[in-house]
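Student: here is my input, please return the structure:
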Amino acid sequence: MERKNEAAVSWLDTAVGGIRFGPDRAAVREELEAHMEDKAADLQRIFPGISREEAEERALSEMGDPAEIGKELARVHKPWLGWLWRASGVLLALVLIAFLGLNFALGDDAFLGDDSDAEFWDFDAMPFDRGRMDWYETTYLHGEDPGQLLTFSPGLEQEAAGQRISALRGALWEEEGTQVLYLYLRVDTWKFWALGILKEEWMTVTDDRGNRYGLGLDAPRDPSGGLLSSLSGGAGKGPFHRGYTLRVWGIDAQAETIYLSYGPGDPVFTFTLDLEEGAA
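Tutor: Reported below is the predicted structural model:
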């Protein structure tokens, strides 16, 4: 109030005295004071002949018992709620500072994809997999290695079950006398608590020459007993996405198109990869 009388100050002190969280106490006091001012202004409009002082006294009398109001306000405004809110703000600020610090420590590579070790959350859709090239390069970046036959960026997307599945980067390599296809798949969803999962047994890989390439238990094995073809997770993870690396061994050298179908029965989605459009 513009001219605070002692009675009004005393009333406000009593009404908010039980609120132990300082910011809440100040906010509630300001709200009650504004309400008191509005009442006084209304009285002067209704009764033009009364003075400002009389209007304030009558407004104060209509505010009620400050002790009873104070008990109710103290019950509603629990101090731990206020401190919890403050603590969450501090925690969010610390997380942001830590994230910015990590980005500063890693440099631009954390976003530009020049260093596979620095792609902490896979912001640029590049996977962690370093593949068959030098340690500082990735399978999917075009390089001078004679074993790299081509690289390509399909840019394919499908919506399924409220999620977006993308085929982002691929490469064809020659390893041990055969061709091997690498493809980076990514599942995006706003449901951070239930990131999408691609199941290896639901993925079918065929080509335009009628070949079918098995994954997992149906895949060919290397001499040491490991599986040569697989769909593996962990290629890149973030708060709203999960990445997968598909490795298919023994691609027909005459194949020009690869088909990926996903689903337990009828395909949920299908990607068509044109190997002829890659960069050799």
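Student: only C-alpha atoms for contact and neighbour calcs from this point on.
Tutor: Noted.
Student: can you list the buried residues in stretch 206-213?
Tutor: Across stretch 206-213, burial judged by 16 or more other CA atoms under 10 Å covers 206-207, 213.
Student: lowest-pLDDT helix or strand in the chain?
Tutor: Least confident element among the helices and strands of the chain, by mean pLDDT, DSSP states H and E: helix 109-112 (a mean of 34).
Student: give the next helix or strand downstream of that helix.
Tutor: With elements assigned by DSSP states H and E, the helix or strand that comes after helix 109-112 is strand 148-152.
Student: in the protein, what residue sits furthest out from the centroid?
Tutor: G49 (62.5 Å; CA atoms, centre = their mean).
Student: separation between that residue and A55?
Tutor: Computed as CA to CA, to the nearest Å, the G49 to A55 distance reads 10 Å.
Student: and if you look at E68?
Tutor: 23 Å.
Student: and these two? which has more neighbours close in?
Tutor: A count of neighbours by other CA atoms under 10 Å puts A55 above the other of E68 and A55, at 22 against 11.
Student: for stretch 180-189, which outside residues touch it?
Tutor: The contact list for stretch 180-189 (CA atoms under 8 Å, 6 or more residues apart in numbering) reads 125-127, 139-140, 162-174, 195-197, 235, 240-251.
Student: how far away is H35 from S166?
Tutor: For H35, the distance to S166 (CA to CA) stands at 56 Å.
Student: oh, that last question was meant for E176, not what I typed.
Tutor: Using CA to CA, E176 is found at 29 Å from S166.
Student: restricting to C-alpha, output whichever strand or helix holds W249 in CSV.
Tutor: Using DSSP H and E, W249 sits within strand 241-251. What follows is strand 241-251 as a C-alpha-only set of coordinates in CSV (Å, rounded to 0.1, in the frame of the first residue of the first chain):
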residue,chain,number,x,y,z
HIS,A,241,17.2,-41.7,-29.5
ARG,A,242,19.0,-45.0,-29.8
GLY,A,243,21.4,-46.0,-32.6
TYR,A,244,22.0,-49.4,-34.2
THR,A,245,24.7,-50.7,-36.4
LEU,A,246,23.7,-53.3,-39.0
ARG,A,247,26.6,-55.4,-40.4
VAL,A,248,25.8,-57.8,-43.3
TRP,A,249,28.6,-60.1,-44.5
GLY,A,250,28.7,-61.7,-47.9
ILE,A,251,26.8,-59.1,-50.0
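Student: tell me the average confidence for it?
Tutor: The average of the pLDDT scores along strand 241-251 is 89.
Student: report the buried residues of the helix or strand that that strand is followed by.
Tutor: Sequence order places strand 257-262 as the next helix or strand after strand 241-251, per DSSP H and E. For strand 257-262, the neighbour count (16+ other CA under 10 Å) marks 258-262 as buried.
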